[in-house]
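[1] have a look at this fold, sequence not included:
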């Protein structure tokens with residue numbers, strides 16, 4: 001399962017957004033404060049004169065226009081009213097382009113109106129000169145770089161001229177102050193643009209990371225579903241499908257014996273069908289419960305494989321194709337992990353089913369051997385044999401047959417084992433399976449979470 005998005009990534013994105021928000025808020029606060037300071041200074045000097053009242057009216061209009069522009073800009077930045085969930089991708093693209101063009105057009109009109117109102121205030125009093133500094137940032141943010149720098153130079157010149165006219169004499173601080181302020185604004189606007197571009201890149205990166213995580217989760221879920229389907233198909237093939245196939249063969253044999261007037265043999269075959277059906281019903285219920293077999297215990301594996309041998313021998317005899325199935329256990333039995341036991345039992349079921357249905361053998365020998373670091377299962381039959389290379393090269397079947405050996409090989413390999421098939425036409429077949437021994441106790445320790 002993939003790790004969630006790192007806290008560092010979200011923290012960096014949040015910190016960058018916070019810095020940008022702080023700069024924007026500081027700009028708005030500076031604009032309002034400097035506008036208020038200019039108005040207070042003008043009233044303190046000129047009192048409630050017609051000129052001061054006109055300046056107050058212009059300042060109120062400027063503040064209202066500025067506030068309205070910032071609110072509209074914030075709404076557009078949040079994306080309200082831009083997209084419709086029913087739009088196609090093409091329609092969304094056209095809608096976004098139209099909105100962006102509209103925003104740019106009205107932003108230029110708004111900026112021009114704000115600048116014009118400020119210039120009128122500057123004509124009334126040079127006390128409004130300091131409002132130029134937040135206006136520098138607005139122009140540098142909205143306009144292209146060269147045009148913004150040119151406008152900043154003109155605004156700086158207007159401030160110098162206003163202070164010169166009010167003081168009736170040009171002094172060096174009147175030039176240096178606004179010039180340094182303009183230069184500082186250009187630098188800070190450049191930094192702001194860089195932060196804005198970085199924040200946008202971070203948002204795109206976070207969105208891409210989320211998309212990739214969602215795709216990875218979906219892929220992992222799909223892989224898990226496919227793996228579970230594969231496991232169920234393999235288990236059903238080795239148990240239910242084989243059992244139902246045996247029932248079909250035995251029922252045909254029972255039909256033949258009934259037609260031949262052999263009621264005792266027919267009854268025996270019907271009893272075998274009943275036993276096979278009961279076993280398959282138990283297997284079906286174990287699938288429903290999600291149980292693959294009994295808990296691993298000493299001697300359980302050998303006992304289960306022996307029962308498989310007896311069941312196949314009984315079914316073969318009832319179907320009229322008797323096969324003597326012998327079972328041998330060698331070495332000191334170990335308590336194996338449950339999935340190893342299950343794999344070996346399913347392997348015995350699958351290979352003996354092939355012996356019963358395809359080999360025409362009279363004898364089959366199943367040998368379970370514990371050999372220290374590994375356990376082996378060998379299944380020999382004296383049947384007609386086959387050419388393994390031809391079977392491997394045969395095209396994949398779509399009728400559900402030919403599934404056993406490839407899936408058995410995949411299962412054994414997934415457990416770190418190996419499987420060999422040695423067969424020659426007319427000389428029988430030996431299927432050899434080797435698995436590394438994983439004791440049940442070791443599996444329990446590995447599955448226990450560490451504190």
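    Happy to help now that I have it. Bear in mind the structure is a predicted one, so any value in this text is a computation, not a measurement.
[2] any idea how far residue 362 is from residue 369?
    Applying Cβ to Cβ, to the nearest Å, the value for residue 369 to residue 362 is 24 Å. In short, each C-beta sits where N, CA and C put it, glycine included.
[3] how about residue 218?
    53 Å.
[4] state the pLDDT value of residue 348.
    Looking at residue 348, its pLDDT stands at 90.
[5] surely it is in contact with residue 309?
    Yes: between residue 348 and residue 309 there is a contact at 7.3 Å, judged by Cβ atoms under 8 Å.
[6] these two: which is more packed in?
    Neighbours were counted for residue 348 and for residue 309 using other Cβ atoms under 10 Å; residue 348 has more, 27 against 22.
[7] determine the three-state secondary structure at the more buried one.
    helix (DSSP: H, G, I helix; E, B strand; the rest coil).
[8] can you pull the contacts of it?
    Taking Cβ atoms under 8 Å, 6 or more residues apart in numbering, we find residue 348 in contact with 305, 308, 309, 366, 377, 379.
[9] how close does the last one sit to residue 423?
    It refers to residue 379. Counting by Cβ to Cβ - residue 379 and residue 423 are separated by 11 Å.
[10] hey, what's in contact with both of those two?
    Any residue near both residue 379 and residue 423 by Cβ under 8 Å, 6+ apart counts here, and that gives residue 430.
[11] these two: which is more packed in?
    More neighbours surround residue 379 than the other of residue 379 and residue 423, with 22 against 19 (other Cβ under 10 Å).
[12] quick one: the more buried one from residue 334, how far?
    20 Å.
[13] what of residue 147?
    From residue 147 across to residue 334, the span is 84 Å (Cβ to Cβ).
[14] who has more neighbours out of these two?
    For residue 147 versus residue 334, neighbours defined as other Cβ under 10 Å are more numerous around residue 334 (17 against 12).
[15] Three-state assignment for the closest residue to the more buried one other than its chain neighbours, please.
    Excluding its sequence neighbours, the residue lying closest to residue 334 (Cβ to Cβ, 6 or more residues apart in numbering) is residue 370, at 5.7 Å. Assigned with three-state DSSP, residue 370 falls in the strand class.
[16] which residues pair with residue 370 across the strands?
    residue 375 (DSSP bridges).
[17] from residue 379, how far out is it?
    Taking Cβ to Cβ as the measure, residue 370 and residue 379 are separated by 17 Å.
[18] quick check: which ranges of the chain have low pLDDT?
    Low-confidence segments of the chain (pLDDT under 70): 1-20, 23, 73-105, 234-235, 237-239, 242, 286-299, 390-404, 439-451.
[19] so where do the strands sit in it?
    Ranges of strands in the chain, per DSSP state E, are 324-330, 363-371, 374-381, 418-423, 429-436.
[20] output the contacts of residue 348 as JSON lines; include the columns distance to residue 212.
    Output for these, formatted as JSON lines (distance: Cβ to Cβ, whole Å):
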{"residue": "305", "distance to residue 212": "47"}
{"residue": "308", "distance to residue 212": "47"}
{"residue": "309", "distance to residue 212": "52"}
{"residue": "366", "distance to residue 212": "50"}
{"residue": "377", "distance to residue 212": "44"}
{"residue": "379", "distance to residue 212": "47"}
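[21] pick the one among those residues closest to residue 355.
    The closest of these to residue 355 turns out to be residue 379 (Cβ to Cβ; 7.2 Å).
[22] need the contact list for the closest one.
    Taking Cβ under 8 Å, 6+ apart as the test, what residue 379 contacts is 347, 348, 351, 352, 355, 364, 365, 366, 367, 430, 431.
[23] which of these are buried, as a ChimeraX select command?
    In ChimeraX, this line selects whichever of those come out buried by 16 or more other Cβ atoms under 10 Å:
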select :347,348,351,352,355,364,365,366,367,430,431
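[24] pipe the contacts of residue 379 into CSV and attach distance to residue 116 per row.
    Conversion of those to CSV gives the following (distance: Cβ to Cβ, whole Å):
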residue, distance to residue 116
347, 89
348, 93
351, 93
352, 96
355, 98
364, 101
365, 103
366, 99
367, 100
430, 98
431, 93
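[25] quick one: contacts for the residue nearest to residue 334?
    Neighbouring residues of residue 370 by Cβ under 8 Å, 6+ apart: 330, 331, 332, 333, 334, 437.
[26] got phi/psi on the third one?
    I take that to be residue 332. Backbone geometry at residue 332, expressed as degrees, to the nearest 10, gives phi -90, psi 120.
[27] with the second one instead?
    With angles defined as degrees, to the nearest 10, residue 331 shows backbone torsions of phi 80, psi 180.
[28] give me the distance between the spatially most central residue of the chain and residue 230.
    With distances taken as Cα atoms, centre = their mean, residue 217 lies nearest the centre of the chain, 2.3 Å away. Plainly put, residue 217 is 20 Å away from residue 230 if you go by Cβ to Cβ.
[29] go on, residue 30?
    From residue 30 over to residue 230 (counting by Cβ to Cβ), the distance is 66 Å.
[30] before we move on, what about residue 348?
    20 Å.
[31] swap in residue 303?
    28 Å.
[32] same thing with residue 279?
    Separation of residue 279 from residue 230 (Cβ to Cβ) stands at 24 Å.
[33] who has more neighbours, the two?
    residue 279 (16 against 13).
[34] burial of the closest residue in space to that one that isn't next to it in sequence, as a residue count?
    In space, not counting the residues next to it along the chain, residue 279 is nearest to residue 243; the distance is 6.2 Å by Cβ to Cβ, 6+ apart. Look at residue 243: counted by other Cβ under 10 Å, it has 22 neighbours.
[35] and residue 42, by the same measure?
    Residue 42, neighbours per other Cβ under 10 Å, totals 22.
[36] surely it meets residue 55?
    Yes: with contacts counted by Cβ under 8 Å, residue 42 reaches residue 55, the gap being 5.6 Å.
[37] phi, psi for the residue lying farthest from the centre of the chain please.
    Here the chain reaches farthest from its C-alpha mean at residue 168, the gap being 71.4 Å by Cα atoms, centre = their mean. Main-chain dihedrals, residue 168, degrees, to the nearest 10: phi 60, psi 10.
[38] and for stretch 172-179, what's in contact with it?
    Identification of contacts with stretch 172-179 by Cβ under 8 Å, 6+ apart yields 129, 132, 156, 159, 160, 163, 164, 167.
[39] redo that, cut-off 7 Å
    With Cβ atoms under 7 Å, 6 or more residues apart in numbering as the test, stretch 172-179 has contacts from 132, 156, 159, 160, 163, 164.
[40] stretch 125-139 now?
    By Cβ under 7 Å, 6+ apart, the surrounding residues in contact with stretch 125-139 are 27, 30-31, 34-35, 37-38, 41-42, 55, 111, 115, 118, 121-122, 148, 151-152, 155, 159, 162-163, 166, 178, 181-182, 185, 188-189.
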